[in-house]
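Participant: Please work out how this folds:
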Amino acid sequence: MNLQTNVLYYGDNLDILRHHIPDECVDLIYLDPPFNSNRSYNVLFRERSGDASDAQLDAFEDTWQWGLQAEQAYSEVVTGTHGNTGDLLRAMRQFLGQNDVVAYLTMMAQRMLELHRILKPNGSIYLHCDSTASHYLKLLMDSVFGPRNYRNEIIWKRTSGHSDSRQGSRHYGRITDTILFYVKGEENTWNVQYTPYDEDYVARDYRRVDESGRRYRIDNLQGPGGAAKGNPYYEVMGVSRHWRYSKERMDELIREGRVVQTRPGAVPQYKRYLDEMPGVPIQNLWADLPLLNNRSREALGYPTQKPLALLERIIGVSSNPGDVVLDPFCGCGTAVHAAEKLGRQWIGIDITHLAINVMRRRMQDAFPGIDIEVIGEPKDLSGARDLAAQDKYQFQWWALDRIDAQPVAGKKKGMDRGIDGVLPYFAGPKEDYRRALVSVKGGEQIGPAMIRDLKGVLEREGEHIGIFLTLRAPTQEMRTEAATAGFWHSDFWDRSYPRIQILTVEDVLNGKRPDIPAKQRAYAEAPLEHERGEQRGLTL
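Facilitator: Below you'll find the model as predicted:
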(Lines give C-alpha, C1' and ligand atoms only; values in the text may rest on other atoms or scores of the structure.)
Protein backbone atom coordinates (compact mmCIF):
# COMPACT_ATOMS: atom_id res chain seq x y z
CA MET A 1 0.00 0.00 0.00
CA ASN A 2 1.52 3.32 -1.11
CA LEU A 3 0.60 6.64 0.46
CA GLN A 4 -0.61 9.30 -1.93
CA THR A 5 -0.56 12.85 -0.58
CA ASN A 6 -1.95 16.23 -1.58
CA VAL A 7 -5.23 14.57 -2.53
CA LEU A 8 -8.83 14.59 -1.35
CA TYR A 9 -10.72 11.35 -0.76
CA TYR A 10 -14.48 11.10 -1.14
CA GLY A 11 -16.01 8.39 1.00
CA ASP A 12 -16.29 6.92 4.49
CA ASN A 13 -13.03 7.72 6.27
CA LEU A 14 -13.00 4.32 7.99
CA ASP A 15 -12.82 2.52 4.64
CA ILE A 16 -10.27 4.98 3.27
CA LEU A 17 -8.04 4.73 6.34
CA ARG A 18 -8.12 0.93 6.14
CA HIS A 19 -7.54 0.56 2.41
CA HIS A 20 -5.45 3.59 1.41
CA ILE A 21 -3.34 4.72 4.38
CA PRO A 22 -0.36 2.53 5.44
CA ASP A 23 0.94 2.03 8.98
CA GLU A 24 2.88 4.85 10.69
CA CYS A 25 3.02 7.24 7.74
CA VAL A 26 1.27 10.39 9.03
CA ASP A 27 2.99 13.03 11.17
CA LEU A 28 -0.03 14.98 12.38
CA ILE A 29 -3.76 14.30 12.55
CA TYR A 30 -6.40 16.95 13.15
CA LEU A 31 -10.04 15.91 13.30
CA ASP A 32 -13.24 17.80 13.98
CA PRO A 33 -15.88 15.05 13.76
CA PRO A 34 -19.46 16.25 13.31
CA PHE A 35 -21.59 16.07 16.39
CA ASN A 36 -24.77 17.58 17.68
CA SER A 37 -23.13 20.56 19.36
CA ASN A 38 -26.04 22.96 18.84
CA ARG A 39 -28.67 20.72 20.37
CA SER A 40 -29.74 20.19 23.93
CA TYR A 41 -27.43 17.82 25.78
CA ASN A 42 -30.35 15.78 27.06
CA VAL A 43 -31.93 15.29 23.62
CA LEU A 44 -29.04 13.04 22.64
CA PHE A 45 -29.65 10.61 25.48
CA ARG A 46 -32.77 8.95 24.18
CA GLU A 47 -33.56 5.49 22.92
CA ARG A 48 -34.31 4.67 19.29
CA SER A 49 -38.03 5.27 19.92
CA GLY A 50 -37.35 9.01 20.23
CA ASP A 51 -37.24 11.56 17.45
CA ALA A 52 -34.02 11.52 15.45
CA SER A 53 -31.57 14.37 16.00
CA ASP A 54 -29.97 16.21 13.12
CA ALA A 55 -26.22 16.05 12.64
CA GLN A 56 -24.24 19.04 11.48
CA LEU A 57 -24.53 17.85 7.90
CA ASP A 58 -27.29 15.79 6.36
CA ALA A 59 -24.85 13.08 5.37
CA PHE A 60 -24.30 12.11 8.99
CA GLU A 61 -27.95 11.84 9.97
CA ASP A 62 -27.76 8.03 9.97
CA THR A 63 -24.14 7.59 11.07
CA TRP A 64 -24.52 8.62 14.69
CA GLN A 65 -27.74 6.75 15.48
CA TRP A 66 -27.98 3.36 17.08
CA GLY A 67 -28.90 0.79 14.48
CA LEU A 68 -27.42 -2.16 12.64
CA GLN A 69 -24.32 -0.23 11.57
CA ALA A 70 -23.61 0.88 15.14
CA GLU A 71 -24.28 -2.63 16.46
CA GLN A 72 -21.82 -4.12 13.98
CA ALA A 73 -19.21 -1.52 14.86
CA TYR A 74 -19.71 -2.19 18.56
CA SER A 75 -19.28 -5.94 18.07
CA GLU A 76 -16.11 -5.39 16.02
CA VAL A 77 -14.47 -3.29 18.73
CA VAL A 78 -15.48 -5.29 21.81
CA THR A 79 -14.54 -8.66 20.26
CA GLY A 80 -11.32 -7.39 18.68
CA THR A 81 -7.77 -7.27 19.98
CA HIS A 82 -8.04 -3.79 21.50
CA GLY A 83 -8.99 -4.83 25.01
CA ASN A 84 -8.98 -1.45 26.76
CA THR A 85 -11.17 0.18 24.13
CA GLY A 86 -13.58 -2.75 24.05
CA ASP A 87 -13.89 -2.75 27.84
CA LEU A 88 -14.54 0.98 27.82
CA LEU A 89 -17.33 0.69 25.23
CA ARG A 90 -19.01 -2.09 27.21
CA ALA A 91 -18.99 0.10 30.31
CA MET A 92 -20.31 3.12 28.41
CA ARG A 93 -23.13 1.13 26.87
CA GLN A 94 -24.08 -0.26 30.26
CA PHE A 95 -23.95 3.17 31.92
CA LEU A 96 -25.39 5.43 29.20
CA GLY A 97 -27.75 3.05 27.46
CA GLN A 98 -28.25 2.26 23.78
CA ASN A 99 -28.51 5.74 22.29
CA ASP A 100 -26.96 8.20 19.86
CA VAL A 101 -24.08 9.14 22.15
CA VAL A 102 -22.90 5.55 22.47
CA ALA A 103 -23.39 5.04 18.73
CA TYR A 104 -21.21 8.10 18.15
CA LEU A 105 -18.52 6.87 20.54
CA THR A 106 -18.58 3.41 18.96
CA MET A 107 -18.08 4.81 15.46
CA MET A 108 -15.34 7.09 16.81
CA ALA A 109 -13.63 4.15 18.50
CA GLN A 110 -13.27 2.34 15.17
CA ARG A 111 -11.75 5.39 13.56
CA MET A 112 -9.51 6.25 16.51
CA LEU A 113 -7.93 2.80 16.39
CA GLU A 114 -7.14 3.30 12.70
CA LEU A 115 -5.74 6.78 13.36
CA HIS A 116 -3.44 5.33 16.01
CA ARG A 117 -2.24 2.75 13.50
CA ILE A 118 -1.33 5.26 10.78
CA LEU A 119 0.31 7.83 13.10
CA LYS A 120 4.11 7.88 13.20
CA PRO A 121 5.85 7.15 16.54
CA ASN A 122 6.70 10.87 16.87
CA GLY A 123 3.27 11.98 15.63
CA SER A 124 0.54 14.02 17.30
CA ILE A 125 -3.25 14.02 17.13
CA TYR A 126 -5.64 16.88 17.93
CA LEU A 127 -9.32 16.06 18.41
CA HIS A 128 -11.66 19.06 18.24
CA CYS A 129 -14.93 18.73 20.16
CA ASP A 130 -17.22 20.56 22.56
CA SER A 131 -18.43 20.03 26.09
CA THR A 132 -21.27 17.72 24.99
CA ALA A 133 -19.00 14.70 24.60
CA SER A 134 -15.43 15.86 25.33
CA HIS A 135 -15.27 13.93 28.61
CA TYR A 136 -16.28 10.68 26.89
CA LEU A 137 -13.90 11.30 24.01
CA LYS A 138 -11.02 11.84 26.42
CA LEU A 139 -11.70 8.45 27.98
CA LEU A 140 -11.82 6.95 24.50
CA MET A 141 -8.49 8.52 23.54
CA ASP A 142 -6.98 7.35 26.83
CA SER A 143 -7.98 3.80 25.91
CA VAL A 144 -6.44 4.03 22.43
CA PHE A 145 -3.33 6.21 22.92
CA GLY A 146 -2.76 5.59 26.62
CA PRO A 147 -3.16 8.07 29.50
CA ARG A 148 0.60 8.73 29.51
CA ASN A 149 0.38 10.14 25.99
CA TYR A 150 -2.22 12.76 26.89
CA ARG A 151 -0.63 16.20 26.66
CA ASN A 152 -3.26 18.92 26.92
CA GLU A 153 -6.88 19.90 26.98
CA ILE A 154 -6.78 23.10 24.94
CA ILE A 155 -9.60 25.57 25.45
CA TRP A 156 -10.27 27.65 22.35
CA LYS A 157 -12.46 30.74 22.48
CA ARG A 158 -14.50 30.36 19.30
CA THR A 159 -16.89 33.28 19.64
CA SER A 160 -17.38 36.50 21.56
CA GLY A 161 -19.62 36.75 24.60
CA HIS A 162 -23.36 36.61 24.03
CA SER A 163 -26.53 36.11 26.01
CA ASP A 164 -29.15 33.45 25.41
CA SER A 165 -31.26 34.53 28.37
CA ARG A 166 -33.81 36.19 26.11
CA GLN A 167 -34.48 32.76 24.62
CA GLY A 168 -35.01 31.35 28.10
CA SER A 169 -31.61 29.70 28.64
CA ARG A 170 -30.51 29.00 32.20
CA HIS A 171 -26.80 28.36 31.72
CA TYR A 172 -23.57 30.27 31.27
CA GLY A 173 -22.72 31.41 27.77
CA ARG A 174 -21.01 28.71 25.70
CA ILE A 175 -18.17 30.42 23.86
CA THR A 176 -15.41 27.80 23.89
CA ASP A 177 -14.52 24.49 22.27
CA THR A 178 -12.18 21.79 23.52
CA ILE A 179 -9.19 20.38 21.63
CA LEU A 180 -7.71 17.18 23.05
CA PHE A 181 -3.99 16.83 22.29
CA TYR A 182 -2.37 13.38 22.41
CA VAL A 183 0.90 11.96 21.07
CA LYS A 184 1.90 8.45 20.08
CA GLY A 185 5.33 8.45 21.72
CA GLU A 186 7.50 10.56 23.99
CA GLU A 187 9.60 12.17 21.24
CA ASN A 188 6.83 14.03 19.47
CA THR A 189 7.52 16.92 17.09
CA TRP A 190 7.35 20.20 19.04
CA ASN A 191 8.05 23.67 17.68
CA VAL A 192 7.43 26.26 20.39
CA GLN A 193 5.32 29.21 19.28
CA TYR A 194 4.86 32.46 21.12
CA THR A 195 2.24 35.13 21.69
CA PRO A 196 3.02 38.83 22.28
CA TYR A 197 3.59 40.03 25.82
CA ASP A 198 0.72 41.62 27.70
CA GLU A 199 0.81 45.42 27.54
CA ASP A 200 0.77 45.75 31.33
CA TYR A 201 3.73 43.38 31.59
CA VAL A 202 5.69 45.37 29.01
CA ALA A 203 4.92 48.67 30.76
CA ARG A 204 6.02 47.24 34.11
CA ASP A 205 9.07 45.13 33.21
CA TYR A 206 10.36 46.88 30.08
CA ARG A 207 9.92 50.42 31.30
CA ARG A 208 13.51 51.48 30.48
CA VAL A 209 14.29 52.94 27.05
CA ASP A 210 17.82 53.45 25.67
CA GLU A 211 19.07 56.33 23.52
CA SER A 212 17.90 54.59 20.32
CA GLY A 213 14.34 54.17 21.63
CA ARG A 214 14.57 50.43 22.33
CA ARG A 215 12.74 49.12 25.39
CA TYR A 216 14.72 46.90 27.76
CA ARG A 217 14.76 45.36 31.20
CA ILE A 218 17.74 44.55 33.40
CA ASP A 219 18.64 41.00 34.34
CA ASN A 220 21.03 39.35 36.76
CA LEU A 221 24.62 38.70 35.60
CA GLN A 222 25.81 36.93 38.72
CA GLY A 223 26.63 33.24 38.53
CA PRO A 224 24.12 31.12 40.47
CA GLY A 225 25.79 28.86 43.00
CA GLY A 226 29.03 30.87 43.03
CA ALA A 227 32.33 29.01 43.04
CA ALA A 228 30.62 25.71 43.84
CA LYS A 229 29.10 25.77 40.38
CA GLY A 230 32.35 26.77 38.71
CA ASN A 231 31.42 30.40 38.06
CA PRO A 232 34.47 32.70 37.58
CA TYR A 233 35.29 35.46 40.12
CA TYR A 234 36.58 38.82 38.93
CA GLU A 235 35.89 42.54 39.03
CA VAL A 236 33.41 44.32 36.72
CA MET A 237 32.90 48.09 36.93
CA GLY A 238 34.39 48.15 40.43
CA VAL A 239 32.29 45.24 41.70
CA SER A 240 33.79 41.80 42.39
CA ARG A 241 31.47 38.83 42.18
CA HIS A 242 31.08 35.34 40.76
CA TRP A 243 29.68 35.91 37.27
CA ARG A 244 27.74 33.88 34.71
CA TYR A 245 30.27 34.52 31.94
CA SER A 246 34.01 34.37 31.47
CA LYS A 247 36.03 37.61 31.68
CA GLU A 248 36.43 37.61 27.90
CA ARG A 249 32.71 37.23 27.27
CA MET A 250 31.90 39.90 29.87
CA ASP A 251 34.28 42.36 28.18
CA GLU A 252 32.57 41.62 24.86
CA LEU A 253 29.13 42.34 26.35
CA ILE A 254 30.42 45.62 27.80
CA ARG A 255 31.75 46.68 24.38
CA GLU A 256 28.34 45.85 22.88
CA GLY A 257 26.63 48.08 25.45
CA ARG A 258 24.76 45.13 26.98
CA VAL A 259 26.03 45.69 30.57
CA VAL A 260 24.57 48.55 32.58
CA GLN A 261 25.26 49.92 36.06
CA THR A 262 22.20 51.72 37.39
CA ARG A 263 24.29 53.81 39.83
CA PRO A 264 27.95 53.94 40.92
CA GLY A 265 28.83 50.91 43.01
CA ALA A 266 25.72 48.98 42.00
CA VAL A 267 26.06 45.42 40.74
CA PRO A 268 26.26 45.50 36.90
CA GLN A 269 23.29 43.96 35.13
CA TYR A 270 22.45 42.67 31.70
CA LYS A 271 20.37 44.71 29.21
CA ARG A 272 17.61 42.49 27.81
CA TYR A 273 15.84 44.16 24.89
CA LEU A 274 12.10 43.64 24.32
CA ASP A 275 12.49 43.34 20.53
CA GLU A 276 14.84 40.38 21.00
CA MET A 277 12.40 38.40 23.10
CA PRO A 278 10.11 35.88 21.33
CA GLY A 279 7.10 36.47 23.57
CA VAL A 280 5.13 34.18 25.86
CA PRO A 281 5.13 30.47 24.96
CA ILE A 282 1.62 29.40 23.93
CA GLN A 283 -0.40 28.08 26.84
CA ASN A 284 -3.47 25.84 26.75
CA LEU A 285 -5.98 28.73 26.78
CA TRP A 286 -6.33 30.06 23.23
CA ALA A 287 -8.28 33.30 23.45
CA ASP A 288 -5.96 35.33 21.22
CA LEU A 289 -6.93 33.93 17.80
CA PRO A 290 -9.18 35.92 15.44
CA LEU A 291 -12.84 34.97 15.61
CA LEU A 292 -14.59 33.69 12.52
CA ASN A 293 -17.97 35.22 11.70
CA ASN A 294 -20.01 36.10 8.64
CA ARG A 295 -18.04 39.31 8.20
CA SER A 296 -14.68 37.53 8.15
CA ARG A 297 -12.90 37.63 4.82
CA GLU A 298 -12.19 33.89 4.97
CA ALA A 299 -15.76 32.87 5.84
CA LEU A 300 -17.20 30.46 3.25
CA GLY A 301 -20.63 30.01 4.79
CA TYR A 302 -19.80 26.47 5.93
CA PRO A 303 -21.48 25.84 9.31
CA THR A 304 -18.51 24.24 11.10
CA GLN A 305 -15.69 26.24 9.49
CA LYS A 306 -12.71 26.97 11.75
CA PRO A 307 -10.39 29.99 11.39
CA LEU A 308 -7.22 29.41 9.42
CA ALA A 309 -5.11 30.81 12.28
CA LEU A 310 -6.26 27.97 14.55
CA LEU A 311 -5.02 25.27 12.19
CA GLU A 312 -1.85 27.18 11.36
CA ARG A 313 -0.99 27.16 15.05
CA ILE A 314 -1.60 23.43 15.46
CA ILE A 315 0.28 22.51 12.28
CA GLY A 316 3.14 24.91 13.05
CA VAL A 317 3.69 23.50 16.54
CA SER A 318 3.34 19.77 15.84
CA SER A 319 4.81 19.27 12.36
CA ASN A 320 7.70 20.37 10.17
CA PRO A 321 7.80 21.43 6.51
CA GLY A 322 7.30 18.38 4.29
CA ASP A 323 5.49 16.39 6.99
CA VAL A 324 2.17 14.68 6.24
CA VAL A 325 -0.98 16.20 7.80
CA LEU A 326 -4.28 14.26 7.68
CA ASP A 327 -7.81 15.46 8.36
CA PRO A 328 -10.32 12.57 8.21
CA PHE A 329 -13.39 14.83 8.68
CA CYS A 330 -12.32 17.58 6.34
CA GLY A 331 -15.46 19.70 6.11
CA CYS A 332 -14.58 22.87 4.21
CA GLY A 333 -10.86 22.10 4.28
CA THR A 334 -9.26 24.53 6.73
CA ALA A 335 -6.67 21.94 7.78
CA VAL A 336 -5.55 21.13 4.23
CA HIS A 337 -5.52 24.86 3.40
CA ALA A 338 -3.24 25.58 6.36
CA ALA A 339 -1.04 22.57 5.54
CA GLU A 340 -0.55 23.72 1.94
CA LYS A 341 0.17 27.27 3.08
CA LEU A 342 2.82 26.07 5.55
CA GLY A 343 4.55 23.70 3.12
CA ARG A 344 3.25 20.40 4.46
CA GLN A 345 1.89 17.45 2.52
CA TRP A 346 -1.75 16.75 3.24
CA ILE A 347 -4.62 14.30 2.92
CA GLY A 348 -8.26 15.31 3.27
CA ILE A 349 -11.23 12.94 3.60
CA ASP A 350 -14.94 13.68 3.62
CA ILE A 351 -18.10 11.67 3.11
CA THR A 352 -20.11 14.40 1.34
CA HIS A 353 -19.71 15.90 -2.10
CA LEU A 354 -20.86 19.18 -0.61
CA ALA A 355 -17.66 19.33 1.44
CA ILE A 356 -15.47 18.04 -1.40
CA ASN A 357 -16.86 20.72 -3.73
CA VAL A 358 -16.23 23.51 -1.22
CA MET A 359 -12.69 22.26 -0.53
CA ARG A 360 -11.74 21.97 -4.18
CA ARG A 361 -12.84 25.54 -4.92
CA ARG A 362 -11.25 26.87 -1.76
CA MET A 363 -7.85 25.40 -2.61
CA GLN A 364 -8.03 26.57 -6.22
CA ASP A 365 -8.95 30.09 -5.07
CA ALA A 366 -6.20 30.25 -2.45
CA PHE A 367 -3.47 28.59 -4.54
CA PRO A 368 -4.08 29.28 -8.26
CA GLY A 369 -2.63 26.56 -10.44
CA ILE A 370 -2.90 23.81 -7.82
CA ASP A 371 -4.10 20.49 -9.22
CA ILE A 372 -6.64 18.90 -6.88
CA GLU A 373 -7.26 15.19 -7.36
CA VAL A 374 -10.35 13.72 -5.71
CA ILE A 375 -10.07 9.97 -5.27
CA GLY A 376 -13.42 8.20 -5.13
CA GLU A 377 -15.61 10.62 -7.10
CA PRO A 378 -17.06 9.61 -10.49
CA LYS A 379 -14.74 10.14 -13.45
CA ASP A 380 -17.02 8.73 -16.15
CA LEU A 381 -20.63 7.78 -16.86
CA SER A 382 -20.25 4.37 -15.25
CA GLY A 383 -19.01 5.96 -12.04
CA ALA A 384 -21.91 8.42 -12.10
CA ARG A 385 -24.39 5.55 -12.39
CA ASP A 386 -22.77 3.76 -9.45
CA LEU A 387 -22.97 6.89 -7.28
CA ALA A 388 -26.63 7.48 -8.20
CA ALA A 389 -27.44 3.88 -7.22
CA GLN A 390 -25.61 4.23 -3.89
CA ASP A 391 -26.89 7.63 -2.76
CA LYS A 392 -29.12 9.89 -4.82
CA TYR A 393 -28.27 12.95 -2.73
CA GLN A 394 -24.52 12.52 -3.12
CA PHE A 395 -25.11 12.05 -6.86
CA GLN A 396 -27.21 15.21 -6.91
CA TRP A 397 -24.50 17.26 -5.16
CA TRP A 398 -21.79 15.83 -7.42
CA ALA A 399 -23.81 16.55 -10.57
CA LEU A 400 -24.58 20.13 -9.49
CA ASP A 401 -20.89 20.74 -8.91
CA ARG A 402 -20.08 19.60 -12.44
CA ILE A 403 -21.99 22.63 -13.79
CA ASP A 404 -20.84 24.95 -10.95
CA ALA A 405 -24.33 25.13 -9.44
CA GLN A 406 -25.02 25.51 -5.75
CA PRO A 407 -27.28 23.04 -3.88
CA VAL A 408 -30.29 24.65 -2.25
CA ALA A 409 -31.54 21.96 0.14
CA GLY A 410 -30.48 18.91 2.08
CA LYS A 411 -32.16 15.54 2.40
CA LYS A 412 -35.41 16.60 4.06
CA LYS A 413 -38.29 15.82 1.78
CA GLY A 414 -40.15 18.84 0.42
CA MET A 415 -37.49 21.36 1.41
CA ASP A 416 -36.33 21.99 -2.17
CA ARG A 417 -39.79 22.94 -3.59
CA GLY A 418 -38.74 21.39 -6.89
CA ILE A 419 -35.34 23.14 -7.03
CA ASP A 420 -32.18 21.11 -6.48
CA GLY A 421 -29.67 23.83 -7.31
CA VAL A 422 -29.20 27.33 -8.65
CA LEU A 423 -26.80 28.97 -11.08
CA PRO A 424 -26.55 32.74 -10.48
CA TYR A 425 -25.99 34.91 -13.54
CA PHE A 426 -25.99 38.60 -14.45
CA ALA A 427 -29.14 39.44 -16.42
CA GLY A 428 -28.33 43.12 -16.93
CA PRO A 429 -28.47 46.36 -14.91
CA LYS A 430 -32.28 46.46 -14.89
CA GLU A 431 -32.67 42.91 -13.52
CA ASP A 432 -29.33 42.58 -11.75
CA TYR A 433 -28.62 38.96 -10.77
CA ARG A 434 -31.05 36.14 -11.50
CA ARG A 435 -30.99 32.39 -10.94
CA ALA A 436 -31.07 29.55 -13.40
CA LEU A 437 -33.01 26.83 -11.53
CA VAL A 438 -31.62 23.30 -11.73
CA SER A 439 -33.51 20.01 -11.39
CA VAL A 440 -31.35 16.88 -11.10
CA LYS A 441 -32.58 13.38 -11.91
CA GLY A 442 -30.53 10.27 -11.23
CA GLY A 443 -31.57 6.70 -11.83
CA GLU A 444 -35.33 7.20 -11.80
CA GLN A 445 -37.54 7.02 -14.89
CA ILE A 446 -37.94 10.40 -16.57
CA GLY A 447 -40.63 11.77 -18.85
CA PRO A 448 -42.37 14.92 -20.20
CA ALA A 449 -44.23 15.48 -16.92
CA MET A 450 -40.91 16.39 -15.23
CA ILE A 451 -40.27 19.05 -17.87
CA ARG A 452 -43.74 20.46 -17.28
CA ASP A 453 -43.03 20.51 -13.55
CA LEU A 454 -39.84 22.50 -14.14
CA LYS A 455 -41.75 24.96 -16.32
CA GLY A 456 -44.20 25.40 -13.46
CA VAL A 457 -41.36 26.04 -11.00
CA LEU A 458 -39.97 28.75 -13.31
CA GLU A 459 -43.35 30.46 -13.41
CA ARG A 460 -43.79 30.21 -9.66
CA GLU A 461 -40.34 31.61 -8.93
CA GLY A 462 -40.46 34.25 -11.67
CA GLU A 463 -37.16 33.10 -13.18
CA HIS A 464 -36.13 32.94 -16.83
CA ILE A 465 -34.06 29.74 -17.23
CA GLY A 466 -34.41 26.17 -16.00
CA ILE A 467 -31.84 23.37 -16.34
CA PHE A 468 -32.94 19.73 -16.39
CA LEU A 469 -29.81 17.68 -15.59
CA THR A 470 -30.38 13.95 -16.07
CA LEU A 471 -28.40 10.74 -15.86
CA ARG A 472 -30.72 9.03 -18.35
CA ALA A 473 -31.02 10.13 -21.96
CA PRO A 474 -34.16 12.28 -22.51
CA THR A 475 -36.95 11.12 -24.78
CA GLN A 476 -38.04 13.02 -27.88
CA GLU A 477 -41.28 13.91 -26.09
CA MET A 478 -39.24 15.56 -23.35
CA ARG A 479 -37.24 17.60 -25.86
CA THR A 480 -40.47 18.66 -27.55
CA GLU A 481 -41.97 19.70 -24.22
CA ALA A 482 -38.82 21.72 -23.40
CA ALA A 483 -38.98 23.47 -26.77
CA THR A 484 -42.55 24.66 -26.08
CA ALA A 485 -41.17 26.81 -23.22
CA GLY A 486 -39.62 29.06 -25.86
CA PHE A 487 -36.83 31.56 -25.30
CA TRP A 488 -35.97 34.40 -22.95
CA HIS A 489 -34.49 37.36 -24.76
CA SER A 490 -31.96 39.55 -22.95
CA ASP A 491 -31.80 43.09 -24.27
CA PHE A 492 -28.62 43.67 -22.31
CA TRP A 493 -26.81 40.66 -23.82
CA ASP A 494 -28.67 41.06 -27.14
CA ARG A 495 -29.42 37.39 -27.54
CA SER A 496 -32.00 34.74 -26.67
CA TYR A 497 -31.62 31.76 -24.36
CA PRO A 498 -33.73 28.57 -24.22
CA ARG A 499 -35.96 28.75 -21.16
CA ILE A 500 -35.79 25.00 -20.52
CA GLN A 501 -32.45 23.33 -21.24
CA ILE A 502 -31.90 19.58 -21.00
CA LEU A 503 -28.39 18.39 -20.19
CA THR A 504 -27.31 14.81 -19.66
CA VAL A 505 -24.52 13.81 -17.30
CA GLU A 506 -22.71 12.44 -20.33
CA ASP A 507 -22.97 15.89 -21.97
CA VAL A 508 -21.50 17.50 -18.88
CA LEU A 509 -18.65 14.98 -18.62
CA ASN A 510 -17.84 15.83 -22.24
CA GLY A 511 -17.60 19.53 -21.41
CA LYS A 512 -21.07 20.87 -22.27
CA ARG A 513 -22.46 23.53 -19.95
CA PRO A 514 -25.76 25.43 -19.51
CA ASP A 515 -26.39 28.28 -21.95
CA ILE A 516 -26.80 31.27 -19.64
CA PRO A 517 -25.48 34.86 -19.51
CA ALA A 518 -22.33 35.76 -17.58
CA LYS A 519 -22.23 33.21 -14.81
CA GLN A 520 -21.50 34.33 -11.25
CA ARG A 521 -19.84 32.26 -8.54
CA ALA A 522 -22.23 30.04 -6.66
CA TYR A 523 -19.75 29.59 -3.78
CA ALA A 524 -17.94 32.14 -1.62
CA GLU A 525 -14.39 32.87 -2.77
CA ALA A 526 -11.48 32.02 -0.49
CA PRO A 527 -8.73 34.66 -0.14
CA LEU A 528 -5.66 34.27 -2.33
CA GLU A 529 -2.61 32.93 -0.50
CA HIS A 530 0.02 32.79 -3.26
CA GLU A 531 0.43 31.77 -6.85
CA ARG A 532 1.14 28.12 -7.30
CA GLY A 533 2.42 26.01 -10.16
CA GLU A 534 0.74 22.75 -11.07
CA GLN A 535 1.00 20.25 -8.27
CA ARG A 536 0.47 16.52 -8.41
CA GLY A 537 -0.13 14.12 -5.56
CA LEU A 538 3.06 12.68 -4.10
CA THR A 539 3.54 8.97 -3.53
CA LEU A 540 5.54 7.81 -0.54
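Participant: Checking G383 next. Helix, strand or coil?
Facilitator: Classification of G383 using DSSP: H, G, I helix; E, B strand; the rest coil returns helix.
Participant: Please apply the same query to the one 3 residues further on.
Facilitator: When states are read from three-state DSSP, the local structure at D386 comes out as helix.
Participant: Just list the residues touching the closest residue to it other than its chain neighbours, thanks.
Facilitator: Using Cβ to Cβ, 6 or more residues apart in numbering and skipping the chain neighbours, the partner closest in space to D386 is P378 (7.2 Å). All C-beta atoms are positioned from the backbone trio N, CA, C, and that covers glycine. By Cβ atoms under 8 Å, 6 or more residues apart in numbering, the residues touching P378 are 384, 386-387, 398.
Participant: mind running it again at 10 Å?
Facilitator: Contact analysis of P378 by Cβ atoms under 10 Å, 6 or more residues apart in numbering lists 10, 353, 384-388, 394-395, 398-399, 402, 505, 509.
Participant: swap in I125?
Facilitator: 26, 28-31, 112, 115-116, 119, 141, 144-145, 149, 151, 180-184, 188, 318, 326 are the contacts of I125 under Cβ under 10 Å, 6+ apart.
Participant: which phi and psi does the residue positioned nearest the centre of the chain have?
Facilitator: The residue lying closest to the centre of the chain (Cα atoms, centre = their mean) is T334, at 3.9 Å. The phi/psi pair for T334 (degrees, to the nearest 10) reads phi -60, psi -40.
Participant: I figured it hits A355, correct?
Facilitator: No - with contacts counted by Cβ atoms under 10 Å, T334 stays clear of A355, the gap being 11.3 Å.
Participant: What count of nearby residues applies to Y433?
Facilitator: 11 (other Cβ atoms under 10 Å).
Participant: Look up phi and psi at it.
Facilitator: Torsion angles at Y433 (phi, psi; degrees, to the nearest 10) stand at phi -100, psi 130.
Participant: Show me the shaky parts of the chain.
Facilitator: 35-63, 162-167, 409-416, 519-523, 530-540 (pLDDT under 70).
Participant: and with 50 instead?
Facilitator: 37-60, 62, 414, 533-536 (pLDDT under 50).
Participant: Grab the longest helix from it for me.
Facilitator: Using DSSP state H to define each element, the chain has its longest helix at helix 100-118.
Participant: continuing past that one, what's the next helix or strand?
Facilitator: Counting by DSSP states H and E, the next helix or strand C-terminal to helix 100-118 is strand 119-129.
Participant: Would you mind listing the buried residues in whatever helix or strand comes next after that following strand?
Facilitator: The helix or strand immediately downstream of strand 119-129 is helix 134-145, counting by DSSP H and E. Buried residues in helix 134-145, counted by 16 or more other Cβ atoms under 10 Å: 134, 136-145.
Participant: relative orientation of helix 134-145 and helix 100-118 in degrees?
Facilitator: In terms of direction (axes from the mean of the first three to the mean of the last three Cα atoms, to 10 degrees), helix 134-145 departs from helix 100-118 by 30 degrees.
Participant: Could you list the domains of this structure?
Facilitator: 4-193+283-375, 197-276, 405-509 (automatic domain parsing).
Participant: For I516, find the nearest of those.
Facilitator: Nearest to I516, of all these, is domain 405-509, at 4.7 Å by Cβ to Cβ.
Participant: Give me the distance between the two termini of the closest one.
Facilitator: End-to-end distance of domain 405-509: 15 Å, with Cα to Cα, to the nearest Å as the criterion.
Participant: can you map out the strands along the stretch 151-300 of the chain?
Facilitator: 176-183, 194-195, 208-209, 215-220, 233-236, 239-242, 259-260, 269-273, 280-281, 285-286 (DSSP state E, counting those that start in this stretch).
Participant: got a list of contacts for the fifth one?
Facilitator: Yep, that's strand 233-236 we're talking about. Under the criterion Cβ under 10 Å, 6+ apart, residues 221-223, 226-227, 240-243, 245-247, 250-251, 253-254, 259, 261, 267-268 lie in contact with strand 233-236.
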